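> Got a sequence here, can you model it:
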Amino acid sequence: MKYYQKILFIVSFLLIGCEPEKVAPPEPVYPIPSERQLDWQDLEFYAFIHFNMNTFTNMEWGTGGESPSQFNPTALDCRQWAKTFKDAGMKGIIITAKHHDGFCLWPSKYTEHSVKNSPWRDGKGDLIQELADACKEFGLKLGIYYSPWDRNHGDYGTPEYITYKRNQLRELLTEYGDIFEVWFDGANGGTGYYGGANENRKVDKKGYYDWPNTFSLVRELQPNAVIFGDAGLDVRWVGNEKGYAYPTTWSNLMRDSVYAGMPEYSKMYSAGQENGTHWVPAEVDVSIRPGWYYHPEQDNQVKSLKHLMNIYYESIGMNGSLLLNFPVDVRGLVHENDVRQLQKMAAQIKKDFANELAKELPITASNTRGKGFEPTNINDGNKDTYWATKDGVIESSITIDLGKELTFNRFLIQEYIPLGQRIKSFSIEVKGRGGWEEIDRQTTIGYKRILRFPDITGTAIRVNILDAKACPTISNIEVYHAPPLPDETN
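Reported below is the predicted structural model:
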């Protein structure tokens, strides 16, 4: 070995030996998400399809006394659905396999009230299979909506109906491949056909369905699926159907003592609870039209681009996931008016987040935990790395040096949620020609928080963590300058 090579070897050895050791990560702040919940959070934006008997009777809730002969789409094309949503950047589709009227979109062997007795496809069709095939072709996840209520079935309200319900769930969860979400509606009991009885039947919706054993069946058959419902294990209702989460939205919930069917739920618990015992994040469900099902008189009432973008920012941008509904029409297609507005929405989202201004810019912090948790992890484009402070250090700040004057109006920030949701309040400052100025102050972050404000120009941005349940863990910050919304008549 030559002399200079020996010197380089010795220097390299000394430098390696002087590197600080990687420190231990922070302890989790419970509750924390499961793997299935983490996978679900990453989807963010997916489609709801309300298409069933109600489409052909022009109703929102059918009576259960409809005839299968009424179900007859003339041009049904699940590939059109899937391509429409894939092109818009959505990640999955949840379909109303059975709504409250009990009509089944698959040829269930446990009832005659299904597509097998309809004129569609000469009674040989299986819409769930066609949709599963389309989802697979376009790389989308498939979800199943199943109403616990059944206004058609004569056994509803008796123990025999629970057996029927589980038999149908077994069909849906074993015959169509992987299911990413099982969606149980909260509407239960009331007037119905009920096999010809035509009466009012009430049930105790907390106890009648024996939810623990129903959930166990879902876990057995689709272990990677999240469960949504009033008593859902994994995902909760956001408390409204208007398309927004809340400025303070916790993923934590006192799941075992809170029931979404309670009248006071939407006022008291829909935003989650700081001291919640279980991780049950919020799903924001809203329709692109006034109704959930197709009504021709609503063809010109599709939500405007401005309305849709507000929904996006107030759901995904407030620690929720967005389930946007499309009422497929009597042809069996996503209506062209709905497609047009979704395309506008997708194009605007792409424009808003086209140019990330803070990626890999110099970033410093007032406190750092140590090796492996550097502030540069925040803007490295890797969701699995994060900045953290030392144990016990709550109040702290992160500063991004923009290098020059930049104008921005969107600020995106994410916590490293595998270790729990921690931050209780934070503020944003910008450094302008007159020094530092606070431009926003908020509470929770969670999986994702996106802030909007008028154009702001500065040379640096500072995030101040004001309060938290434990040392903060931030995995991502992004900064954008979104263009104005285009003028539109709709």
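
> Now the closest residue to residue 141 other than its chain neighbours: phi and psi?
Closest residue to residue 141 apart from its sequence neighbours, by CB to CB, 6 or more residues apart in numbering: residue 92 at 3.3 Å. No exception for glycine: its C-beta is placed from N, CA and C like everyone else's. Main-chain torsions, residue 92, degrees, to the nearest 10: phi -170, psi 170.

> Let me see the contact set for residue 92.
Shown in contact with residue 92 (CB atoms under 8 Å, 6 or more residues apart in numbering): 43, 46, 47, 135, 140, 141, 142, 143, 180, 181.

> Output those in CSV, with pLDDT and secondary structure appended to each entry.
Formatted as CSV, the contacts of residue 92 follow (pLDDT from 0 to 100; DSSP: H, G, I helix; E, B strand; the rest coil):
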residue, pLDDT, secondary structure
43, 98, helix
46, 98, strand
47, 99, strand
135, 98, helix
140, 98, coil
141, 98, strand
142, 99, strand
143, 98, strand
180, 98, coil
181, 98, strand
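
> May I see those organised as a markdown table, with neighbour count and distance to residue 293 added?
Output for these, formatted as a markdown table (neighbours: other CB atoms under 10 Å; distance: CB to CB, whole Å):
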| residue | neighbour count | distance to residue 293 |
| --- | --- | --- |
| 43 | 19 | 24 |
| 46 | 22 | 19 |
| 47 | 26 | 15 |
| 135 | 26 | 21 |
| 140 | 24 | 22 |
| 141 | 20 | 23 |
| 142 | 23 | 20 |
| 143 | 26 | 18 |
| 180 | 23 | 23 |
| 181 | 26 | 20 |
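
> of those residues, closest to residue 413?
Nearest to residue 413 among the contacts of residue 92, counting by CB to CB, is residue 43 at 19.5 Å.

> For the residue nearest to that closest one when sequence neighbours are not counted, the count of nearby residues, please.
Counting by CB to CB, 6+ apart, residue 43 lies nearest to residue 91, which is 4.1 Å off, once chain neighbours are set aside. Residue 91 is flanked by 18 other residues according to other CB atoms under 10 Å.

> how close does residue 91 sit to residue 476?
Distance, residue 91 to residue 476, using CB to CB, to the nearest Å: 18 Å.

> Also residue 174?
Residue 174 is 38 Å from residue 476, by CB to CB.

> Tell me the confidence at residue 14?
Residue 14 carries a pLDDT value of 47.

> I'd like the distance between the spatially closest residue to residue 58 that is not a sequence neighbour and residue 335.
Excluding its sequence neighbours, the residue lying closest to residue 58 (CB to CB, 6+ apart) is residue 295, at 5.7 Å. In this view, residue 295 and residue 335 are 11 Å apart by CB to CB.

> Give me the more crowded residue out of these two.
residue 335 (21 against 18).

> number of nearby residues for the closest residue to the more buried one other than its chain neighbours?
Nearest-residue entry for residue 335: residue 329, 4.9 Å, with adjacent residues in sequence omitted and distances by CB to CB, 6+ apart. Neighbour count of residue 329, defined by other CB under 10 Å: 22.

> next one: the one 3 residues further on
Neighbourhood size, residue 332 [other CB under 10 Å]: 20.

> For whichever strand or helix holds residue 425, could you pull out the residues that count as buried?
Assigned by DSSP states H and E, residue 425 belongs to strand 423-432. Across strand 423-432, burial judged by 16 or more other CB atoms under 10 Å covers 423, 424, 426, 428, 429, 430, 431.

> residue ranges for the helices of the stretch 51-200 of the chain, please.
Secondary structure of the stretch 51-200 of the chain (DSSP state H, counting those that start in this stretch): helices located at 53-57, 78-87, 127-138, 159-174.

> Domain map for this structure?
With domains defined by automatic domain parsing, the chain comprises 35-352, 363-480.

> For the shortest one, what is the distance to the chain centroid?
Remark: domain 363-480 is offset 23 Å from the chain centroid, using CA atoms, centre = their mean, to the nearest Å.

> so residue 275 sits right up against residue 253, yeah?
No: contact criterion CB atoms under 8 Å: residue 275 and residue 253 do not qualify, at 9.9 Å.

> tell me the secondary structure for the most centrally placed residue in the chain?
For the chain, the residue nearest the mean C-alpha position is residue 321 (2.3 Å; CA atoms, centre = their mean). Three-state call for residue 321 (DSSP: H, G, I helix; E, B strand; the rest coil): strand.

> Report pLDDT for it.
98.

> show me what contacts it?
40, 41, 43, 44, 45, 46, 235, 281, 282, 283, 284, 315.

> Sitting in strands, which of those residues do you find?
Among the contacts of residue 321, the members falling in strands (DSSP state E) are 45, 46, 282, 283, 284.

> which among the residues you listed gets closest to residue 350?
Using CB to CB, residue 45 is the member of those that sits closest to residue 350, with 12.5 Å.
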